[in-house]
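Student: With the input below, show me the fold.
(one chain, ligands or ions: 1)
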Amino acid sequence: MENNLFLDAAFSKATERPPVWMMRQAGRFMPEYWEIKNKYSFLEMCKIPEVAADVTMLPVDLLGIDAAILFSDILVTGEAMGGDLSFTQGVGPKFANPVRTQKDIDALATDVLDKLQYVADAIKVIQQRLNGRIPLIGFAGAPFTVMSYLVEGGSSKDFKLTKLLIHNHPELAHQLLSKIAKVTVDYLNMQIDAGVNALQLFDSWALALSWNDYQEFSHQYNAQIIAGLNRKNIPVISFCKGSSVFAPIMAQAKPDVISVDWNADLLNIKKALPEGIAVQGNLDPHILYADKPVIKAQIHKLFERMRGEKGFIFNLGHGIMPDIPFDHVKYAVDVIKEFKY
Ligand code: CP3
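Tutor: Numbers count the residues shown, from 1 in each chain. So this is what the prediction gives:
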């Protein structure tokens, strides 16, 4: 690999500066994304390997980040299991056949790798294009977060139906989570075989859960997935919104990196973790709306706080919003790349 910053930091080795990549780094904040998006639906963009590769490469070429992330979505596992998935502009993801009863759960398939073959194909095309310049991160949604979309039938503010399921029918919730976990392990191992250099597990909505429910309905399945990966030398990043609360539990699943939301002091989180677990984070993405001197000052403040720490990857606490100005994102990357420890 020409640029080893990301993998070194992920394995808690010293780097000359923090590596940078950003969640949702290929998306609507980029004019070049719209040029592609105007020609294809979002799912077509994910499913046509050449197009997924084109989008994956946008932030590599236009921002100069230190790691690429596969262009796809966390909900493709739910679709492969039988979910009738669509993405509509302004509405977000929808599953037209929500999963709420024993019958619905029984109908979900778990041997679905053939349906996800397009992802393996995309990874191969992307790796040819990257040609050893920077690592490629693969990913999947964590069972609790994917379950929430299947149960609610789409995005939710309060996760009311998901919480009703776990509280009134925990045995059904566990059946559903087990099925998603099985698919997720197979899917991530397929991504490893196809050639990704790192993996991230996205448990975006874990924050909705109480401390006890997090352990029972999220963490135990994430731990099962991480333990089931043929990891070789591939670092695993565990992300959730809520990591500033749940990091000590997340660490028990033994990821290489914990990706932290913006509510916590990153150094305090890192110091409380076992030796050898790196942290990724944790700028509030709203900072990227602010004026450039504010962006620079906030990045430098974070970096001064983390100075001397091995195992730190710069990222946002959550994804880039679609209306953040592109030149602010580019400016942030430049500020980071000029920084020296
Ligand atoms: O980070 C990247 O650049 C890689 C691609 C990526 C996408 N989704 C592309 C996408 C990744 C890693 C994801 C993960 C994802 N998808 C998560 C976890 C991360 C997070 O943000 O918490 C979640 C919860 C989803 C589910 C999802 N997909 C939602 C809620 C939406 C609609 C909201 C929105 O931002 O439009 C999507 C659609 C989606 N996924 C888009 C992109 C670029 C927008 C599609 C479009 O162009 O309209």
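Student: Only C-alpha atoms from now on, for both contacts and neighbour counts.
Tutor: OK.
Student: Tell me the residue of the chain that sits nearest the ligand?
Tutor: Using C-alpha to the nearest ligand atom, the point where the chain gets nearest to the ligand is R24, with a distance of 3.0 Å.
Student: V333 against V20, yeah?
Tutor: Yes: with contact defined as C-alpha atoms under 8 Å, V333 counts as touching V20 (7.0 Å).
Student: Spit out the residues that contact these two alike.
Tutor: The contact sets of V333 and V20 overlap at I65 (C-alpha atoms under 8 Å, 6 or more residues apart in numbering).
Student: Can you verify the residue of the chain closest to the ligand is assigned to a strand?
Tutor: No: counting by DSSP: H, G, I helix; E, B strand; the rest coil, R24 is not part of a strand but coil.
Student: S218 versus that one, what's the distance?
Tutor: R24 is 23 Å from S218, where distance means C-alpha to C-alpha, to the nearest Å.
Student: next one: P293
Tutor: From P293 across to S218, the span is 39 Å (C-alpha to C-alpha).
Student: more crowded one of these two?
Tutor: In this view P293 and S218 are compared by other C-alpha atoms under 10 Å, and S218 has more residues nearby, 22 against 9.
Student: and the stretch 51-200 of the chain, which residues reach the ligand?
Tutor: For the stretch 51-200 of the chain, the residues in contact with the ligand (C-alpha under 6 Å from any ligand atom) are I69, L70, F71, S72, D73, I74, Q89, G92, P93, S155.
Student: Report the contact partners of the first one.
Tutor: Translated: I69. Contacts of I69 were listed using C-alpha under 8 Å, 6+ apart, and they are T56, L136, I137, G138, F139.
Student: Which residue, neighbours along the chain excluded, lies closest to K337?
Tutor: Nearest non-adjacent residue to K337, counting by C-alpha to C-alpha, 6 or more residues apart in numbering: R17, 7.3 Å away.
Student: now the strands for the stretch 51-200 of the chain?
Tutor: 68-69, 85-88, 92-95, 136-141, 198-203 (DSSP state E, counting those that start in this stretch).
Student: ok, and which of those has the densest surroundings?
Tutor: Greatest average neighbour count among the strands of the stretch 51-200 of the chain goes to strand 68-69 (a mean of 28), per mean count of other C-alpha atoms under 10 Å.
Student: neighbouring strands for that one, and are they parallel or not?
Tutor: Each strand that pairs with strand 68-69, with its direction, by DSSP bridges: strand 136-141 (parallel).
Student: mean confidence for the strand it pairs with?
Tutor: For strand 136-141, mean pLDDT is 98.
Student: Taking their axis directions, that strand and strand 198-203 sit at what angle?
Tutor: Between strand 136-141 and strand 198-203, the angle comes out at 20 degrees (axes from the mean of the first three to the mean of the last three C-alpha atoms, to 10 degrees).
Student: got the contact list for strand 136-141?
Tutor: 67-70, 73-75, 77, 127, 184, 187-188, 191, 196-203.
Student: before we move on, the earlier item: can you pull the contacts of the spatially closest residue to the residue of the chain closest to the ligand that is not a sequence neighbour?
Tutor: Closest residue in space to R24, ignoring its immediate chain neighbours: G319 at 5.0 Å, by C-alpha to C-alpha, 6+ apart. Counting by C-alpha under 8 Å, 6+ apart, G319 makes contact with M22, M23, R24, Q25, P285.
Student: N233 belongs to a helix, doesn't it?
Tutor: No: looking at N233 with three-state DSSP, it is coil, so not inside a helix.
Student: can you count the residues close to it?
Tutor: N233, neighbours per other C-alpha under 10 Å, totals 10.
Student: What ranges in this protein fall below the confidence cut-off?
Tutor: Nowhere does the chain drop to pLDDT under 70.
Student: Find the centremost residue of it, please.
Tutor: F202 (4.2 Å; C-alpha atoms, centre = their mean).
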